[in-house]
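Engineer: Take this sequence and fold it.
(one chain, ligands or ions: 1)
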Amino acid sequence: MRILIVGGSGFLGREVARQATAIGHAVTATFASRAGSLPGVHWLPLDLRRTGEIGVVVGEARPDVVVNAAYRKGDWATTADGAIQVARAASARGCRVVHVSSDAVFSGSDVRYDECATPDPVTPYGAAKAAAETAIRLLTPDAVIARTSLIVGDGGSPHEDFVHELAEGRRDGVLFTDVIRCPVHVADLAAALVELAATDHTGMCHLGGPDAVSRHELGVLIAARDGLDAARLPAGRRADVPTPGALDVRLDSERTQRTLRTRLRGAREFLRRAD
Ligand SMILES: NC(=O)c1ccc[n+]([C@@H]2O[C@H](COP(=O)([O-])OP(=O)(O)OC[C@H]3O[C@@H](n4cnc5c(N)ncnc54)[C@H](OP(=O)(O)O)[C@@H]3O)[C@@H](O)[C@H]2O)c1
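Structural biologist: Take a look at the predicted model:
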């Protein structure tokens, strides 16, 4: 299968590209600022803010499926309009679309959200992701829209970097005890996306891990795995600061999980320290 990964140079996109190549798919991946260096991947530059570029890229890559893992926080043109352009360009050429979305489309007022829940975003980022979802669902009803939560790896994610910087006193900040999410490991998430890309799934999918943990508990788990002093991680409550943002958002991914071969591990499992 030919796969085009939009945002292939990002944290998630790189892992999707690596896994898809490893199992024999022909992979083209895009970058906005710097090409990746994965063997066997064909790299193309793409800026979704430039109208028409995505059409040229899809025309050159001639994919069977387009996985969109591109976004830029605070940039509606990339995250909302750009995602819609990706779906339009893909459907114009009859390609399947797998679009990566986020639990940021939810406010937290209902706490637990399954695939049928209606978005009610409270941040500009959440609003951009929700706008993209709505347009893609209407433009390309056969698309997969895959919502996920905090993406963690074996190092290298911004969440892990932040914990290291806090524990080593290189940065000010706190880890909220009242912000709850369902983190997922980047390798599990990428495997699920490759599986969804290669099968006939359609519609809304939730790809969060089964463990709901606070940002602070996540930090403590990362610190324990990486041999850092968890006592140095400052704890705080988002409810006490004016920053807008959802508190308790738990992606219920049970329905999607039942349809997948890939198992999504919970944070307490994938961050368990290897003794
Ligand atoms: N990280 C999380 O915890 C998390 C949680 C929930 C959902 N998500 C979703 O997961 C997806 C992947 O996230 P990530 O953490 O892997 O993001 P990331 O590491 O920031 O990667 C973003 C990708 O988008 C590309 N990009 C940025 N601006 C672009 C533009 N104008 N045109 C084309 N490409 C552009 C970047 O290219 P360059 O790097 O080359 O500039 C990069 O390849 C996103 O849809 C995000 O909303 C992430």
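
Engineer: which parts of the stretch 1-150 of the chain sit against the ligand?
Structural biologist: Contact residues of the stretch 1-150 of the chain with respect to the ligand, defined by CB under 6 Å from any ligand atom, are listed as 7, 9-13, 31-34, 46-49, 69-72, 78, 82, 100, 102, 148-150. No exception for glycine: its C-beta is placed from N, CA and C like everyone else's.

Engineer: Return the residues in contact with the residue in the chain that the ligand sits nearest to.
Structural biologist: Among the residues of the chain, residue 10 lies closest to the ligand, at 2.1 Å counting by CB to the nearest ligand atom. Contact criterion CB atoms under 8 Å, 6 or more residues apart in numbering gives 69, 70 as the residues in contact with residue 10.

Engineer: what's the helix or strand hosting residue 147 packed up against?
Structural biologist: Assigned by DSSP states H and E, residue 147 falls within strand 144-148. Based on contacts counted as 3 or more CB pairs under 8 Å, 6 or more residues apart in numbering; DSSP states H and E, the elements that strand 144-148 packs against are strand 96-102, helix 124-139, helix 186-198, strand 203-207.

Engineer: what's the most buried one of those?
Structural biologist: Neighbour counts averaged per stretch over the helices and strands packed on strand 144-148 are highest for strand 96-102, at a mean of 25; criterion: mean count of other CB atoms under 10 Å.

Engineer: Filter the residues of the stretch 1-150 of the chain next to the ligand down to just the ones in strands.
Structural biologist: Using DSSP state E, the members of these that fall in strands are 31, 100, 102, 148.

Engineer: so how far is residue 73 from the third one?
Structural biologist: Distance of residue 102 to residue 73, given as CB to CB, to the nearest Å: 10 Å.

Engineer: Between those two, which contacts overlap?
Structural biologist: The contact sets of residue 102 and residue 73 overlap at residue 125 (CB under 8 Å, 6+ apart).

Engineer: Need the helices and strands packed on strand 144-148 in TSV (columns: distance to residue 57 and mean pLDDT).
Structural biologist: Putting those into TSV (distance: least, CB to CB, whole Å; pLDDT from 0 to 100) gives the following:
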stretch	distance to residue 57	mean pLDDT
strand 96-102	14	98
helix 124-139	17	97
helix 186-198	17	98
strand 203-207	25	98
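
Engineer: residues near residue 73, how many?
Structural biologist: When neighbours are counted by other CB atoms under 10 Å, residue 73 registers 11.

Engineer: Now do the same contact list for the closest residue to it other than its chain neighbours.
Structural biologist: Nearest-residue entry for residue 73: residue 125, 5.5 Å, with adjacent residues in sequence omitted and distances by CB to CB, 6 or more residues apart in numbering. Residues touching residue 125, when contacts are defined by CB under 8 Å, 6+ apart, comprise 73, 74, 79, 102, 104.

Engineer: for the protein, what are the low-confidence residue spans?
Structural biologist: 275 (pLDDT under 70).

Engineer: Run through the helices of it in chain order.
Structural biologist: Applying DSSP state H to the chain gives helices spanning 11-22, 53-61, 76, 83-92, 124-139, 158-167, 186-198, 215-226, 254-259, 267-270.

Engineer: Per the annotation, how does the chain divide into domains?
Structural biologist: For the chain, whose domains are defined here by automatic domain parsing, the residue ranges read 2-151+186-207, 152-181+210-270.

Engineer: Give me the residues contacting stretch 74-82.
Structural biologist: 48-49, 54, 70-73, 124-125, 127-129, 131-132, 135.

Engineer: repeat that with 7 Å
Structural biologist: Residues outside stretch 74-82 that contact it (CB atoms under 7 Å, 6 or more residues apart in numbering) are 48, 49, 70, 71, 72, 124, 125, 128, 129, 131, 132.

Engineer: ok now it, how far from the chain's centre?
Structural biologist: When distances are taken as CA atoms, centre = their mean, to the nearest Å, stretch 74-82 is centred 15 Å away from the chain's centroid.
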